[in-house]
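*Asks:* Quick one: sequence and predicted model below, then my questions.
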Amino acid sequence: MKDFSMHECIIWGCAGHAMVLAETLAVRGARVIALFDQNPVTSVIDGVPVFHGLSGFEDWISSHPDPSRVTGFVAIGGHRGDDRLAIQQLFRDRGLRLATITHPLASVSPTASFGEGSQILAQAVVAAAARVGEACIINHKASLDHESILGDGGHLAPGATVCGCVNIGRNVMVGAGAVILPRLSIGNDVLIGAGAVVINDIPSGVVVVGNPAHIIRKSSQQKNR
Ligand SMILES: CC(=O)SCCNC(=O)CCNC(=O)[C@H](O)C(C)(C)COP(=O)(O)OP(=O)(O)OC[C@H]1O[C@@H](n2cnc3c(N)ncnc32)[C@H](O)[C@@H]1OP(=O)(O)O
């Protein structure tokens, strides 16, 4: 698989997930040189400056001698896969590198595949022939089992379990500790609540909770957490 093991990188998003990502990058030998955030926040990494918004990003990139040597990562968690994909596209358009980052304590099959910008965190498992899209997060202790597909912008929150041969669409968050039984299909823009047990296919655009998981509302009404 393509992996990340080099020098300078930047992170868009300056909150808790940036701290996790920076530590994951550090164990891979990389150095975070700048952070960016939509809001005027203070830096979460000692000694690393934070730039505000798109204008801050454009100022930074115009003053960098060679952006093509820098790798960009997005530290936006929750159910915000479309935002991760949009920032990655911005990085691509500005000539930054994109890469997959895998924590050395993750278990990753050699037959699994990964889209650009995906992040596989400590103690995550990605099993044989699984396919991870672009800008996905496989969070701590989450697992994506054999032949399952996680679409672009997906997020398996800590401890989520996706059994074998599951097909998950684009921009789906599987909440902490949730379980999806084998061979099910999950649509696009779905949010699966923490601890849910999914026993049937889920259509696009909904939030489900509980055991067995049931729909509580449309995901367009999401409250961003
Ligand atoms: C490293 C990290 O931290 S990564 C982040 C991981 N984060 C998560 O996994 C959080 C996932 N989010 C959730 O589980 C949320 O509770 C959501 C998105 C499912 C629902 O959030 P909201 O839309 O704000 O729902 P709200 O809190 O208003 O609850 C609506 C109803 O669903 C119930 N409900 C909410 N979440 C759950 C849940 N996880 N399981 C069972 N029932 C739930 C509530 O009790 C409430 O029931 P009621 O109408 O009978 O009173």
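*Replies:* Nice, thanks for sending it over.
*Asks:* in this protein, what spans have low per-residue confidence?
*Replies:* 1-6, 221-225 (pLDDT under 70).
*Asks:* what does this structure put close to the ligand?
*Replies:* 77, 139, 157-158, 175-176, 191, 193-195, 207, 209-210, 216, 223, 225 (Cβ under 6 Å from any ligand atom). For the C-beta atoms, the positions are set from N, CA and C on the backbone; glycine is no exception.
*Asks:* If any of those are buried, give me the PyMOL selection for them.
*Replies:* In PyMOL syntax, the buried subset of those is picked out as below (16 or more other Cβ atoms under 10 Å):
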select buried, resi 77+139+157+175+176+191+193+195+207+209
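*Asks:* which residue is nearest the middle of this protein?
*Replies:* residue 137 (2.6 Å; Cα atoms, centre = their mean).
*Asks:* For this structure, which segments count as helices?
*Replies:* Assigned by DSSP state H, the helices in the chain fall at 16-27, 53-63, 81-93.
*Asks:* Who are the packing partners of the first one?
*Replies:* Pointing back at helix 16-27 there. In terms of contacts (3 or more Cβ pairs under 8 Å, 6 or more residues apart in numbering; DSSP states H and E), helix 16-27 is packed against strand 8-12, strand 31-37, strand 101-102.
*Asks:* With mean neighbour count added, can I get the helices of the chain in JSON lines?
*Replies:* JSON lines is the format used below for the helices of the chain (neighbours: other Cβ atoms under 10 Å):
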{"stretch": "helix 16-27", "mean neighbour count": "18"}
{"stretch": "helix 53-63", "mean neighbour count": "14"}
{"stretch": "helix 81-93", "mean neighbour count": "19"}
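*Asks:* could you dump those helices to JSON lines with distance to residue 115?
*Replies:* Output for those, formatted as JSON lines (distance: least, Cβ to Cβ, whole Å):
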{"stretch": "helix 16-27", "distance to residue 115": "17"}
{"stretch": "helix 53-63", "distance to residue 115": "22"}
{"stretch": "helix 81-93", "distance to residue 115": "10"}
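*Asks:* wait, what's in contact with the closest residue to residue 217 other than its chain neighbours?
*Replies:* Distances taken as Cβ to Cβ, 6 or more residues apart in numbering put residue 207 closest to residue 217, at 5.2 Å, once the chain neighbours are dropped. By Cβ atoms under 8 Å, 6 or more residues apart in numbering, the contact set of residue 207 is 190-193, 215-219, 221-222.
*Asks:* tally of neighbours for residue 131?
*Replies:* A count of neighbours around residue 131, defined by other Cβ atoms under 10 Å, yields 19.
*Asks:* what's the spacing between the nearest residue to it once chain neighbours are set aside and residue 129?
*Replies:* Of all residues not flanking residue 131 in the chain, residue 149 sits nearest, at 4.6 Å (Cβ to Cβ, 6+ apart). Distance, residue 149 to residue 129, by Cβ to Cβ, to the nearest Å: 10 Å.
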